[in-house]
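Participant: Please work out how this folds:
(chains A and B)
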Amino acid sequence: MSRTSRSFRTAAAATIAALGMLATACGGDGGSTDSKSDGKPVTINYWTWTLGAKSTVEAFNRTHQDIQVKFTEIPSSTEGYSKLSNAVKAGNAPDVATIEYQMVPEFAGQGNLIDLTKYAGETVKSKFPATIQSLVTFGGKTWTVPYDVAPQLYYYRTDLFKKYGIEVPKTWDEFKTAAATVKKKDKNVRLASMPKSDPALLAALSWQAGGKWFATEGDAWKPGVNDTPSKKVATYWDGLIKDDLVQSFTAYSPEETKARTSGKTLSFLGASWSAGGMKTAMPDLKGKWAAAPMPNWGTAASGNYGGTSYGVLKGSKHAEAAAEFIKWLTTNKAGVEARLADLESPSSALPANPEMREVAAAKFDTSYLNGQDLYELASAQVDTIVPGWTWGPNQMDVYTAVQDATAKSGFAAGVDTGQQKAEAGITERGLKLAK
Amino acid sequence: MAAPVAPAVKARRHPPTKPPGTSKLRRSQRRAATLLITPFFVLFAAVMAAPIGYAVWMSLFQEHSSGLGFGGTERVFSGFGNYTKALSDTGFRDSFVHIALYCALYIPVMIGGSLLLALLVDSAMARAKRFFQLALFLPHAIPGLIASVIWIYLYTPGLSPVLDWIGALGGSWNFYSNDHVLSSMVNLCAWQWIGYNMVIFYAALQAVPREMIEAAVVDGAGAIRTALQIKVPLIASAVVMTVLFTCVGAIQIFTEPKLLNQRGAPSIDTEWSPTLFIWKAGFVQHDYGLAAAASLLLALLGVLLSYIVTRLGNRWKAAS
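Facilitator: Here you go, the predicted model:
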């Protein structure tokens, strides 16, 4: 379920070394303000799995005297969040970490994040679109600072689409027809693969269709994991899988990549950030891929598939310095440029801040996608993201429930089970459930 | 270990007929014993008793929030709340059913397989005994995680050469399907453990008095009859011990189902085994109270199971 290419855990030794650095670097009186007066720079720890992190941190350290950042790579998805929340419990959490939008309410609710209103509230309010602000602001407090927005995109093989004589589908009806055509022409090849193991993709598709897995009503949560649009999406994919019109590989697995590189899967459902990983995962297919808007249900619409923000973890003694670094990462030209300049793993994430979007677009290497202006396409999709979506206070638990039930009995059963889990989890934690 | 040596040395100097010497000796013996046993108790307290105590303490609390949940969390005493929560969770209860089914298939295959191999290697006709012992033990030397990764590679369609061969012969097989996934998992675990248990059985067989086997042969028992009626009953205690360890190991199974789950085996869900449930409660839901309560319930089952197996084993040994 990693949002970008799979990253493996770095040696625990690095973590320990990083913690050692923290201990030697602060030497202050333990207050929450930064002790710059003694002339020594403040060292903050930064844990992430995002592409381009190394070059970003190097650029920051080069240009900053009073704050130095120590970067540690951690796994993405469940494993990474476990690592973070355990570190908070153990009192050795990093100062800054990447928190995906889908995890912000859960992480904030469990007391793992420091309220950033004081340090970055103004920045979030003035520099980010309202749809993105609502993903990081809860209970009147700003919990994290957004980095990217992740409109869904449809990636397809230009050469093979020509070979099988199919057009890029614009609607889900056309997508189904195209899938049938491909199967008819070659029984070993399919138009796309719909993983049962990536509930985040199902969520994004539900979002696109107008579903709202969670909403708040006053001080109560209102889950709608199996609302009408989400059910429609689930039934649609159950149908395609039942008719064997799409494959269903495990998401982000070697077999999924192999099917793509060997031409057995012609397209995939991704997002703005997908392009960054394609270059490293499928180097031989350079120039053979193109991106298009996601097929829709009749009117142009997009969901947000992934997307990251930055938070300061509880226990940090350098919240102010950490917020400074975060602001640089998300709204400073140099920060965005450095992230895209990483030679080994450049990011293709689309900054949520409109000014930074232009900076990133100018810096992005378009040669893999045959010169296509990915950023222009993705930016246009941002305007079609359906407003009003909220992530839940027990999102991970809902995800695993959806995933377990989907694996056993399909997507429709998945969203039903997800809804039950959402309601049960909210009540169990003492939160208020809307009637 | 060293404690009995000390009196032996002293005894040579002071003949045991002198009573004052004995009391002096006892004191120094006690001192040595205390000194030698202390490290064990320190470690036992630090890495066993204290964590268990902490788990018991944690299992009595729940974290609560209110409203939308952004006003922070509050730790409240809940008594046995976490225990009832675990026991009323269908996922947790089902995980024990899964393990029972798994044991029903795994234990006969694994114990039967090891016993058969040990008897074969021990039989008069076997050649190259050292080689087979080593070759059969080798899979156990591979860490469980690596073994799982290797087998999962062999199980995965599109990557597995085995599946390609089956396909080339016109057959088809899905290692991950609901009907086959349990046997796939048993195969993986048995591969790792058969050799290990074979070595234990083989060692036990070496202790069987040769004259007893000779007597059986003289009485006209064939190789198979000797194996089943003389050798097997004589190594019964080794078999009971192995079954005990296997049961205790089986209820803690984690790596194999976790990896099969990640590779998308549909019937292996994220709470398939009790340890997976605990892992999920602790590290996905961050519900440490529930995780602690479930862990203690699992430990309790382990103790209970050990007791039952030992009791049954004793009865079996007495009968044979």
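Participant: Tell me which other helices or strands the helix or strand where A:Val145 lies touches.
Facilitator: A:Val145 belongs to strand A:144-146 when assigned by DSSP states H and E. Contacts defined by 3 or more C-beta pairs under 8 Å, 6 or more residues apart in numbering or on different chains; DSSP states H and E place strand A:144-146 against helix A:117-127, helix A:130-136, strand A:308-312, helix A:319-331. Using the backbone N, CA and C atoms, a C-beta is placed for each residue, glycine as well.
Participant: got the contact list for that strand?
Facilitator: Residues outside strand A:144-146 that contact it (C-beta atoms under 8 Å, 6 or more residues apart in numbering or on different chains): A:99, A:101, A:104, A:113, A:116, A:120, A:123-124, A:128, A:132-133, A:135-136, A:307-311, A:323, A:326-327, A:329-330, A:352-353.
Participant: What about the residue of the stretch 101-250 of chain A found nearest chain B, how many residues nearby?
Facilitator: Closest approach of the stretch 101-250 of chain A to chain B (C-beta to the nearest C-beta) occurs at A:Gly139, with a separation of 3.4 Å. Summarising burial for A:Gly139: neighbours were counted as other C-beta atoms under 10 Å in any protein chain shown, giving 16.
Participant: quick one, what contacts it?
Facilitator: Contacts of A:Gly139 by C-beta under 8 Å, 6+ apart are B:Gly67, B:Leu68, B:Phe70, B:Gly71.
Participant: Among the contacts of strand A:144-146, name the buried ones.
Facilitator: Buried residues within the contacts of strand A:144-146, counting neighbours by 16 or more other C-beta atoms under 10 Å in any protein chain shown: A:99, A:101, A:104, A:113, A:116, A:120, A:123-124, A:128, A:132, A:135-136, A:307-311, A:323, A:326-327, A:329-330, A:352-353.
Participant: Drop anything exposed from the contacts of A:Gly139.
Facilitator: Here, 16+ other C-beta under 10 Å leaves B:Leu68, B:Phe70 buried among the contacts of A:Gly139.
Participant: any idea of the pLDDT on the spatially most central residue of chain B?
Facilitator: Taking C-alpha atoms, centre = their mean, the centroid of chain B lies closest to B:Gly249, which sits 2.3 Å from it. If you check B:Gly249, the pLDDT there is 89.
Participant: if we can go back for a sec, of all the helices and strands packed on strand A:144-146, which lies closest to B:Gly222?
Facilitator: Taking C-beta to C-beta, strand A:308-312 is the member of the helices and strands packed on strand A:144-146 nearest to B:Gly222, at 72.1 Å.
Participant: Give me the average confidence score over that closest one.
Facilitator: 95.
Participant: cool, and stretch A:112-125?
Facilitator: Stretch A:112-125 comes out at a mean pLDDT of 93.
Participant: and of the helices and strands packed on strand A:144-146, who's closest to A:Ala275?
Facilitator: Of those, nearest to A:Ala275 by C-beta to C-beta is strand A:308-312, at 15.6 Å.
Participant: The closest one - contacts with which helices or strands?
Facilitator: So strand A:308-312, by 3+ C-beta pairs under 8 Å, 6+ apart, packs with strand A:96-100, helix A:104-109, strand A:144-146, helix A:319-331.
Participant: For the second one, buried residues please.
Facilitator: Right, helix A:104-109. Across helix A:104-109, burial judged by 16+ other C-beta under 10 Å covers A:Val104, A:Pro105, A:Glu106, A:Phe107, A:Ala108, A:Gly109.
Participant: sorry, back to before: in what helix or strand does the residue nearest to the centre of chain B lie?
Facilitator: Short version, using DSSP H and E: B:Gly249 is in helix B:236-250.
Participant: Now do the buried residues in that helix.
Facilitator: Buried residues in helix B:236-250 (16+ other C-beta under 10 Å): B:Ala236, B:Ala238, B:Val239, B:Val240, B:Met241, B:Thr242, B:Val243, B:Leu244, B:Phe245, B:Thr246, B:Cys247, B:Ala250.
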